[in-house]
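Enquirer: structure for the following, please:
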Amino acid sequence: MSNSSKTIERRKHPGRSGKRSRFKDKGRQVDPFSLKEVRQLLGNRSRNKDMLIEHLHLIQDNYGHISHVHLSALAHEMALSMAEVYEVATFYAHFDVVREGGKAPPPITIRVCDSLTCEMLGAKKLINELKKNSGNDIRILPAPCMGRCEFAPIAEVGHRHVENATPTKIDSILKSGNHSPELPDYKDFESYVEEGGYELLKECLLGQKTREDIITILEDSGLRGLGGAGFPTGRKWKFVGSEIGPRLMAVNADEGEPGTIKDRIYMETDPHRILEGMLIGAWAVEAEAVYFYLRDEYPHIREVLLKEIPKIEKAGFSELPDIFLRRGAGAYICGEESAMLESIEGKRGEPRHKPPFPAQVGLFGRPTLINNVETLFWIRDIVEKGPDWFSKHGRNGRQGLRSFSVSGRVREPGMKLAPAGITVKELIEEFCGGMLDGHNFKAYLPGGASGGILPATMNHIPLDFGTLEEYGCFIGSAAVIILSDQDNIKEAALNLTRFFEDESCGQCTPCRIGTEKACDIMVKTDWDKNLLSDLCDAMADASICGLGQAAPNPVRSVIRYFPEELS
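Expert: Model (predicted):
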């Protein structure tokens with residue numbers, strides 16, 4: 001791990017002593033050699049519980065798996081019970097926990113995305129070919145969305161992504177022996193500053209702009225949370241700032257909704273625009289520290305942030321909060337804000353009951369401002385250019401800009417910056433070069449796996465917050481997946497439901513059992529529509545968080561809009 005990462009992770013959290021009573025594991029003998037290895041890996045990093053997932057990553061990265069002896073040693077070193085460490089390690093998909101007497105995984109792991117867009121473009125065939133031709137030293141695993149849907153199908157060899165993956169491309173990377181992430185061509189700190197970057201932050205820190213000024217501009221612009229919930233940004237900042245401190249901030253960079261690529265593109269091209277927006281937000285609510293939670297599927301962006309964050313800290317800005325970069329571990333549920341907070345605290349990523357809301361009782365029990373990557377990306381432009389610059393964009397009576405992640409059966413997939421309220425017909429024709437040759441537009445997902453499925457005949461609906469709900473859908477993170485007459489809508493719904501079944505955190509019964517039973521019914525030739533409808537109602541009404549509440553949307557859409565697919 002680089003020195004810059006140690007700089008970020010070594011700091012103690014403000015207001016916390018960092019002292020814990022030592023735990024003596026009387027039920028399990030700690031192997032001295034394994035304890036020595038763990039101590040060497042951890043070095044002088046904090047042993048606080050909130051660092052548990054970071055330390056598990058150290059072991060996984062170094063050994064390729066996490067053995068029971070290392071788990072026991074880590075529990076001893078962090079003064080935690082073995083149960084606490086084990087339940088966290090086994091919750092996250094990217095940790096390979098090897099039980100006592102178990103067999104370690106092969107040295108090379110190839111993951112192939114099997115989410116909807118990749119499945120449409122050949123993921124199943126790719127997985128089968130790789131399994132048929134791979135030796136015992138390679139493990140082939142299906143994986144959920146990797147956030148590169150414009151290059152489907154996607155594979156990952158170690159930490160190196162393969163776009164438009166084929167067996168030949170993957171074999172070439174295997175032979176090269178280079179399985180590390182490729183760094184993107186991004187705008188670094190020096191280039192960003194040369195173009196006027198961080199001048200707005202300086203004005204805020206020097207008192208040339210007040211917190212009220214910034215919040216008023218954001219409110220007037222109509223900027224909303226662009227991670228999916230759509231809560232007005234200025235109002236959120238005002239709410240958090242009114243809570244009794246000390247306060248914290250968390251950045252949600254865990255975009256895992258199938259079809260979503262926008263945050264990745266912003267982070268890998270212009271990361272400092274996001275970081276400046278983050279620091280202005282922290283200043284506006286007087287947050288003592290910021291936690292940047294990045295999904296583990298973006299290792300290349302992690303390398304960028306490890307290089308660039310220390311440059312900000314060394315730039316001489318006054319009164320900056322501490323910045324902590326935290327790494328996810330393969331759990332879609334951690335995109336839900338309260339599950340993300342649990343993960344940052346070193347726990348299983350299980351959503352919290354609300355209220356209280358994170359703005360009141362959030363990270364480590366403190367009022368916490370949580371913003372999505374794209375939301376923060378727009379802060380500087382909106383403040384510098386004025387609220388009217390942002391709000392003047394829009395179509396069909398809507399206001400603002402939206403970053404649409406478009407994939408599927410279009411000629412030019414990718415992230416499309418377009419007016420809020422654009423229709424899918426306009427999006428395909430004006431921004432995506434039309435449909436692929438030989439494909440006729442049949443259906444679309446307006447908001448990723450969670451947002452439901454609509455037929456092409458309903459191509460006139462403005463795509464924005466509040467416009468799709470009456471049709472049983474929503475825009476969410478604006479991940480638009482286009483299906484054609486060569487796609488089976490029933491099979492697409494099954495793919496999406498299997499995703500929810502796999503990604504359910506398991507905390508609540510309606511989601512855990514409901515998604516499983518829905519899949520069982522959907523694999524049959526004839527769906528039991530009445531039973532499926534009952535299951536959908538139970539999940540939507542009784543699930544703790546948005547995953548279980550939205551999981552029925554694809555099923556309901558097929559029953560409502562594609563009855564011919566069921567016969």
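
Enquirer: how long is stretch 256-265 from one end to the other?
Expert: 14 Å (CA to CA, to the nearest Å).

Enquirer: which stretches in the stretch 251-400 of the chain count as strands?
Expert: 287-294, 322-327, 368-372 (DSSP state E, counting those that start in this stretch).

Enquirer: which residues sit against the last one?
Expert: The one in question is strand 368-372. 225-228, 233, 236-237, 240, 247-252, 263, 277-278, 281-282, 285, 287, 337, 340-341, 358-359, 362 (CB atoms under 8 Å, 6 or more residues apart in numbering). Just so you know, the C-beta spots here come from the backbone N, C-alpha and C atoms, and that holds for glycine as well.

Enquirer: that one - what's its average pLDDT?
Expert: Mean per-residue pLDDT for strand 368-372: 98.

Enquirer: and what of the longest one?
Expert: Averaging pLDDT along strand 287-294 gives 98.

Enquirer: try the second one
Expert: Predicted confidence along strand 322-327 averages 98 (mean pLDDT).

Enquirer: quickly run through the sheet partners of that strand, with directions.
Expert: strand 287-294 (parallel) (DSSP bridges).

Enquirer: report the angle between the axes of the partner strand and strand 368-372?
Expert: 40 degrees (axes from the mean of the first three to the mean of the last three CA atoms, to 10 degrees).

Enquirer: for strand 287-294, the distance to its chain's centre please.
Expert: 15 Å (CA atoms, centre = their mean, to the nearest Å).

Enquirer: the helices in the stretch 451-567 of the chain, which residues?
Expert: 489-503, 509-522, 529-542, 546-550, 553-561 (DSSP state H, counting those that start in this stretch).

Enquirer: and stretch 542-562, end to end?
Expert: 26 Å.

Enquirer: ok, and for that stretch, which residues are buried?
Expert: 543-559, 561-562 (16 or more other CB atoms under 10 Å).

Enquirer: surely Arg45 touches His57?
Expert: No - taking contacts as CB atoms under 8 Å, Arg45 lies outside contact range of His57: 11.4 Å.

Enquirer: the two: which is more packed in?
Expert: Shown here are Arg45 and His57; by other CB atoms under 10 Å, His57 has more neighbours (19 against 16).

Enquirer: the one helix or strand the more buried one maps to: which residues count as buried?
Expert: In this structure, His57 sits in helix 52-63 according to DSSP states H and E. By 16+ other CB under 10 Å, the buried positions in helix 52-63 come out as Leu52, Ile53, Glu54, His55, Leu56, His57, Leu58, Ile59, Gln60.

Enquirer: swap in stretch 107-121?
Expert: Buried residues in stretch 107-121 (16+ other CB under 10 Å): 108-121.

Enquirer: identify, from these, the entry nearest to Arg99.
Expert: The nearest member of the buried residues of stretch 107-121 to Arg99, counting by CB to CB, is Thr109 at 18.3 Å.

Enquirer: what about that closest one, is that helix, strand or coil?
Expert: Following DSSP: H, G, I helix; E, B strand; the rest coil, Thr109 is assigned to strand.

Enquirer: dump the helices of the stretch 451-567 of the chain into JSON lines; add mean pLDDT and distance to Val406 as well.
Expert: Below are the helices of the stretch 451-567 of the chain laid out as JSON lines (pLDDT from 0 to 100; distance: least, CB to CB, whole Å):
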{"stretch": "helix 489-503", "mean pLDDT": "96", "distance to Val406": "16"}
{"stretch": "helix 509-522", "mean pLDDT": "95", "distance to Val406": "26"}
{"stretch": "helix 529-542", "mean pLDDT": "94", "distance to Val406": "27"}
{"stretch": "helix 546-550", "mean pLDDT": "94", "distance to Val406": "20"}
{"stretch": "helix 553-561", "mean pLDDT": "96", "distance to Val406": "18"}
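
Enquirer: could I get those helices as CSV with distance to Glu129?
Expert: Formatted as CSV, the helices of the stretch 451-567 of the chain follow (distance: least, CB to CB, whole Å):
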stretch, distance to Glu129
helix 489-503, 20
helix 509-522, 25
helix 529-542, 34
helix 546-550, 32
helix 553-561, 28
